[in-house]
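Peer 1: sequence first, then the predicted structure:
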Amino acid sequence: MSEPMLLVTLPFLAGLLAAACPRGAAPVGVTATIVNAGIAAFLVRRLLDEGGPRSLSAAGRHRSGSPSSSTGRPL
Amino acid sequence: MIAMTAMVGLGVALYASGRGRDRARGRADFWPLWLMTLGALNALFLSNDLFNVYVAFEILGLAAVGLTALARSLAAIRAAFDYLVAGLTGSLLLLLGVALAYAAAGRVDLDAVAELAQTAQGRVALRLILSGLAVKAALFPLHFWMPAAHSSAAPAASALLSALVVKAALYVALRMSLEGGVAVDPLRAALAVAGSGAMLWGAWNALRAERLKLLVAHSTVAQVGLIALALGVAGTGPLWQAAALLMLSHALAKAAMFLAVGRIAEELGHDRISGLNREELRPGAAEFAFAIAAISLVGLPPTAGFIGKWVLLEGLIEDGAWHWVGLVLAGTALSAAYLARVVARCLRGGPHVAPGARRPAWRAGDVAALGLATAALLLGLASALPFALLEVGIA
């Protein structure tokens, strides 16, 4: 799984877990925030190493012009 | 922007994890909402598609309304309702714009923005999208919901709303601007004029504010105005870097400021500016963090705010846009005036601090506020890194 995919899915999954277990919400929230920061740092490091145009948004770029382009692009 | 979100998120998470047991219920509700906000922000910053941006805004809006209402006071619930109405109005405009853009260009990715600017239908779509973004960013005169929402929410929620949620709309405006979406002169002028209005209106209200949180919330209106002005005058030109750097520095400084205000209110039991004179409690880390964040917001060296304003003013002077230079300087002077009201009261000694006044104990919130304020300072000292990242992301 790529870093952009992790950056989007991980917080939502952790949020669901935190909502399901209110007593453990704080540890789950703090851990998820720290993991998110780690993935973000890894992504930034990779982008700085690779460079290239529009790298930050290129991870999920899709074919434009198709009728499903408004909804078909993976988050 | 993802790195900025992660950094601010860490600070806010540290603050929220250190709050007292009496607020355990509110604390438990905070985490799912924060994580939903984080996921939506990451999705928005990674999107290259206007419809996905709209979807991310919807999730973000719902989480933000929940965060506003988390304080559970009547004022917070009213502010959350106003926020919901404003957010839905912005979403409606955004969705209409996206639908029109799809009809005009047959696609909705951000690369199509330049194409949209070429046709009449496309220009209407761009105006609708930018109007929706202006509501979501609380750009003057569409800012009516923001001061109440940000000042009545819990400190951790206010920090997230002011530092990150507002930036989401500004970020999309920046992306559209870079794609040529605001290359049309009336749009650029409207953005710059609205930005100037926000700077002056926000600063004027901050000068008159009696509560610390309200002052910081009005200051957000003014700072959003400065960023919008930078976006308006930049168009597709190199001044976009100034707008981006101002966004980063404002996010760090404003998050630090709201967390510091939360700690000050916790220690003193109120956030009245007139009551900041120290009778029983000496200034602590929170006041120091507030002062550093204020330095960055005013734009004094060596903070990131200074670098952002320097790049902006240099570009404006090179273009001979002296009227905008005057407005930026006026906004800076006003921000110095309203922030000095607080810093002067907090940090001056003499008769305002009683001889036996105790020192506040250190809490996780102090570390979070001080860490974010220091990050705003260090970002100015190491400004090559954000510029390199901005080049990688947009070049």
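Peer 2: In hand now; what should we look at?
Peer 1: before we move on, which element is whichever residue of the stretch 51-200 of chain B sits closest to chain A in?
Peer 2: Distances between the stretch 51-200 of chain B and chain A by Cβ to the nearest Cβ are smallest at residue B:51, namely 3.8 Å. No exception for glycine: its C-beta is placed from N, CA and C like everyone else's. Here residue B:51 sits within helix B:50-69, counting by DSSP states H and E.
Peer 1: can you show me the CA trace of that helix as PDB?
Peer 2: Extracted in PDB, the C-alpha atoms of helix B:50-69 (Å, rounded to 0.1, in the frame of the first residue of the first chain):
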ATOM      1  CA  LEU B  50     -12.400  18.800  -8.100                       C
ATOM      2  CA  PHE B  51     -15.100  16.200  -7.200                       C
ATOM      3  CA  ASN B  52     -12.800  14.400  -4.800                       C
ATOM      4  CA  VAL B  53     -12.000  17.800  -3.300                       C
ATOM      5  CA  TYR B  54     -15.700  18.400  -2.800                       C
ATOM      6  CA  VAL B  55     -16.100  15.000  -1.200                       C
ATOM      7  CA  ALA B  56     -13.200  15.700   1.100                       C
ATOM      8  CA  PHE B  57     -14.700  19.100   2.000                       C
ATOM      9  CA  GLU B  58     -18.000  17.400   3.000                       C
ATOM     10  CA  ILE B  59     -16.200  15.000   5.400                       C
ATOM     11  CA  LEU B  60     -14.100  17.800   6.700                       C
ATOM     12  CA  GLY B  61     -17.100  20.100   7.200                       C
ATOM     13  CA  LEU B  62     -19.000  17.400   9.200                       C
ATOM     14  CA  ALA B  63     -16.000  16.700  11.400                       C
ATOM     15  CA  ALA B  64     -15.400  20.400  11.900                       C
ATOM     16  CA  VAL B  65     -19.000  21.100  13.000                       C
ATOM     17  CA  GLY B  66     -18.700  18.300  15.500                       C
ATOM     18  CA  LEU B  67     -15.400  19.700  16.800                       C
ATOM     19  CA  THR B  68     -17.100  23.100  17.300                       C
ATOM     20  CA  ALA B  69     -20.000  21.700  19.200                       C
END
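Peer 1: mind checking the SS state of the residue of the stretch 201-350 of chain B found nearest chain A?
Peer 2: Per Cβ to the nearest Cβ, the residue of the stretch 201-350 of chain B with the smallest distance to chain A is residue B:244, at 11.7 Å. Put simply, residue B:244 is helix when judged by DSSP: H, G, I helix; E, B strand; the rest coil.
Peer 1: and it, how many neighbours?
Peer 2: By the criterion of other Cβ atoms under 10 Å in any protein chain shown, residue B:244 has 28 neighbours.
Peer 1: ok, residue B:90 next?
Peer 2: That count, for residue B:90 with other Cβ under 10 Å as the rule, works out to 23.
Peer 1: swap in residue B:326?
Peer 2: 12.
Peer 1: phi first, then psi, for the residue nearest to residue B:300 when sequence neighbours are not counted.
Peer 2: Distance criterion Cβ to Cβ, 6 or more residues apart in numbering or on different chains; nearest residue to residue B:300, sequence neighbours excluded, is residue B:306 at 5.8 Å. With angles defined as degrees, to the nearest 10, residue B:306 sits at phi -60, psi -50.
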